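In: Below are the sequence and a predicted model for it; my questions follow.
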Amino acid sequence: MSSWLMAVSLPLLPAVLLVLGRHRVRVAKFCRGALDRMRRLLRGRACAKSTHAFVFSRCIHGNAGSVLETFDLYAETHASASVGPQIGEALDKVVRRVRPSRVLELGTHCGYSSVLLLSLLPADGRLLTVEQDPAVADLGEEIILVAGFKQSQFQVLTGSSGKTIPTLRPFMEPAPGTGNSFNLVLMDHDPQQYLVDLLALESEGLLCLSGCSIVLIIRNQRDKSLEELVSARPDCYSIKSQVPGMVELFYQKNRT
């Protein structure tokens, strides 16, 4: 069988080499991107396991405040994918000002932001949080439950943001003033997906037309395409607030 495969493959080898030669830059870029995504996935999983073990063993179970404090304690001595106390404080201010009832989080990670968001939602509020890595999603969901929140208050969805966004509608529960849409979106996943996912959410009608705050966690260099979107569509988008590591956009259809 192996000799037969070799006999069939050898005549195709020059053509394959020719295609690779012509598109070597694209192939190299694709390979580097794939390796980077794999490295981020493995680093994220290792970070989530370490953070989960620390928070789970040291926090007061059933106490959301204790869970957040334990996350902050971990961040003092360890590198973490969680937003941390400084950005957490800024996010806290945004949520208190917006007072959302329907929230979407892209990037569950270890559950820090999920616990923070849920602790500030009204009694009838609901959080949908999306995590690409199933192993990390399980760890994050356990921390949310440890913080004392019930399954009726949130749902963890597993999958890439691009594939999950078109499927969100069935998980939505109508709320006064928002209907089947979100009035707060937190993006803390792949920064290269921020613009694509924002436009997808708008296209799917998942951003509240009367006003939706989109909080972007910016860990490294800011993506200029988001600023270009704001400049190109000032009738819908504006920059509401920003602090180091976080930008809040505001969406309102036909904003004046």
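Out: Now that the structure is in, tell me what you want to look at.
In: switch to C-alpha atoms for all contacts and neighbour counts from now on
Out: Fine.
In: tell me the contacts of G107?
Out: Counting by Cα atoms under 8 Å, 6 or more residues apart in numbering, G107 touches 129-132, 187-189.
In: Show me which pair in the residues you listed is furthest apart.
Out: Pairwise distances across the contacts of G107 (Cα to Cα) peak at 12.9 Å, for the pair Q132 and M187.
In: the more surrounded of those two?
Out: Neighbours were counted for Q132 and for M187 using other Cα atoms under 10 Å; M187 has more, 23 against 20.
In: what's near enough to touch that one?
Out: Applying Cα under 8 Å, 6+ apart to M187 gives the contacts 105-107, 194, 214-217.
In: if you go through the stretch 101-250 of the chain in chain order, where are the strands?
Out: Assigned strands in the stretch 101-250 of the chain, in chain order: 102-106, 126-131, 154-158, 184-187, 212-217, 237-243, 246-251 (criterion: DSSP state E, counting those that start in this stretch).
In: by contact count, what packs against the second one?
Out: With contacts taken as 3 or more Cα pairs under 8 Å, 6 or more residues apart in numbering; DSSP states H and E, strand 126-131 sits against strand 102-106, helix 112-120, strand 154-158, helix 161-164.
In: so what strands line up beside it?
Out: Strand 126-131 pairs in its sheet with strand 102-106 (parallel), strand 154-158 (parallel), by DSSP bridges.
In: now that strand and helix 112-120, what's the angle there?
Out: Counting by axes from the mean of the first three to the mean of the last three Cα atoms, to 10 degrees, strand 126-131 lies at 180 degrees to helix 112-120.
In: still on that earlier bit, burial-wise, tell me which of the helices and strands packed on strand 126-131 comes out on top.
Out: For those, the largest average neighbour count (mean count of other Cα atoms under 10 Å) is found in strand 102-106, namely a mean of 25.
In: Looking at it now, give me its mean pLDDT.
Out: Mean per-residue pLDDT for strand 102-106: 97.
In: got the CA coordinates for stretch 118-133 in CSV?
Out: Output of stretch 118-133 as CSV, limited to C-alpha atoms (Å, rounded to 0.1, in the frame of the first residue of the first chain):
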residue,chain,number,x,y,z
LEU,A,118,-23.2,38.4,37.5
SER,A,119,-22.6,40.1,40.9
LEU,A,120,-23.8,43.4,39.3
LEU,A,121,-26.8,42.1,37.3
PRO,A,122,-30.4,42.6,38.5
ALA,A,123,-32.3,39.6,39.8
ASP,A,124,-33.8,38.9,36.4
GLY,A,125,-30.4,39.5,34.6
ARG,A,126,-28.8,36.9,32.5
LEU,A,127,-25.2,36.3,31.2
LEU,A,128,-24.2,34.3,28.1
THR,A,129,-20.5,33.6,28.1
VAL,A,130,-18.5,32.0,25.3
GLU,A,131,-15.3,30.1,25.6
GLN,A,132,-13.5,28.3,22.7
ASP,A,133,-11.6,25.7,24.8
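In: List the buried residues in that stretch.
Out: 118-119, 121, 125-133 (16 or more other Cα atoms under 10 Å).
In: on that earlier part again, now pLDDT and distance to Q155 too, for the contacts of G107, in TSV please.
Out: Converted to TSV, those look like this (pLDDT from 0 to 100; distance: Cα to Cα, whole Å):
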residue	pLDDT	distance to Q155
T129	97	6
V130	98	9
E131	96	11
Q132	93	14
M187	96	16
D188	93	17
H189	92	17
